[in-house]
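**Q** sequence and computational prediction follow.
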Amino acid sequence: MPVDNLGKLGMRMRAARNEMGLTQQRLSDMCHISIREIAKIENGEMNPSFLILKAIIQVLHNSLDSLIISDERAEQMKMLYLSCPPEMQETLLNNTKRLTEELISLSKKLEKE
């Protein structure tokens, strides 16, 4: 994996781990990977093997592509969602769905013109 993507992988892995409420130690125990390796991956200092990634994604209930494929806009949307207080996340999600539907409708109208 290119070195510039290692940092992104680490950030995504850390975010997924935090979403599950796991410490690095707990993830390490569940994956049977040393905590040192977990820390190095999260800090973008280690290019993990496929077997290590496979163990991590099984525990984090993520897909491999969600950890390694870069979609900056999707990441920005996710960070906006996560930055909202938990009681406001549902409101943000519902408003985003409505706005998406309106934009799709508008786009279809413009295509017809």
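**A** Good, I have the coordinates. Predicted, not measured: the structure shown is a model, and the values here were computed from it.
**Q** residue boundaries of the helices in the protein?
**A** Along the chain, counting by DSSP state H, helices occupy 3-19, 24-31, 35-42, 50-60, 64-68, 72-83, 86-112.
**Q** least confident of those helices, on average?
**A** If those are sorted by mean pLDDT, helix 64-68 sits at the bottom with a mean of 73.
**Q** coming back round to it: could the helices of the chain go into CSV alongside mean neighbour count?
**A** C-beta here means a position set from N, CA and C on the backbone, and glycine is covered the same way. Rendered in CSV, the data for the helices of the chain read as follows (neighbours: other C-beta atoms under 10 Å):
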stretch, mean neighbour count
helix 3-19, 17
helix 24-31, 16
helix 35-42, 18
helix 50-60, 16
helix 64-68, 14
helix 72-83, 11
helix 86-112, 10
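**Q** care to break the protein down by domain?
**A** In terms of domains, the chain is parsed into 3-68, 72-112 (source: automatic domain parsing).
**Q** how distant is the longest one from the center of its chain?
**A** Yep, that's domain 3-68 we're talking about. 11 Å (C-alpha atoms, centre = their mean, to the nearest Å).
**Q** now the last one
**A** Domain 72-112 has its average C-alpha position 17 Å from the chain's average C-alpha position, going by C-alpha atoms, centre = their mean.
**Q** distance of residue 90 from residue 81?
**A** Separation of residue 90 from residue 81 (C-beta to C-beta, to the nearest Å) stands at 10 Å.
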